[in-house]
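Q: no sequence on this one, just coordinates:
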């Protein structure tokens, strides 16, 4: 299995995540913060599945020229069902979709 050149170019680069997932998260939050804010009104998402839904919405907006990055914070995430990725979850060579361990 070979890696596309765009993915190889991303390897090792520090990049900011667009969305975060954490065991301390909440799927009612925006997912744009790595940690809950002090008032517990916004912070990371709780599930990878919800992050996937938000990534699909970002992708639908179109015109993206940078990667969409989901930073998954450490911990054990228990799934009610397998997470399925299909063509609608694919990025482009110019704007790949990346799910990665945070930090």
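A: Arrived safely. Everything numeric in this text was worked out from a predicted model, so none of it was measured. Numbers count the residues shown, from 1 in each chain.
Q: Would you map the strands across the protein?
A: Here the chain has its strands, by DSSP state E, at 19-21, 68-72, 97-101.
Q: Determine which stretch of the ones you listed is the most buried.
A: The highest average neighbour count among those, using mean count of other C-beta atoms under 10 Å, belongs to strand 19-21 at a mean of 24. Any C-beta I mention is one placed from the backbone N, CA and C, and that applies to glycine too.
Q: So which elements touch that one?
A: helix 48-61, strand 68-72 (3 or more C-beta pairs under 8 Å, 6 or more residues apart in numbering; DSSP states H and E).
Q: Report the contact partners of the nearest residue to residue 35 once chain neighbours are set aside.
A: In space, and not counting its chain neighbours, residue 35 is closest to residue 43: 6.0 Å by C-beta to C-beta, 6 or more residues apart in numbering. By C-beta atoms under 8 Å, 6 or more residues apart in numbering, the contact list for residue 43 reads 20, 22, 24-26, 29-30, 33-37.
Q: What's the ChimeraX syntax to select whichever of these are buried?
A: Buried residues among these (16 or more other C-beta atoms under 10 Å), as a ChimeraX selection:
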select :20,22,25,26,29,33,34,36
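Q: Rebuild the contacts of residue 43 as a markdown table, extending it with pLDDT and distance to residue 63.
A: Output for the contacts of residue 43, formatted as a markdown table (pLDDT from 0 to 100; distance: C-beta to C-beta, whole Å):
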| residue | pLDDT | distance to residue 63 |
| --- | --- | --- |
| 20 | 97 | 23 |
| 22 | 97 | 29 |
| 24 | 96 | 33 |
| 25 | 97 | 28 |
| 26 | 98 | 29 |
| 29 | 98 | 25 |
| 30 | 97 | 21 |
| 33 | 96 | 24 |
| 34 | 95 | 26 |
| 35 | 95 | 30 |
| 36 | 97 | 31 |
| 37 | 96 | 29 |
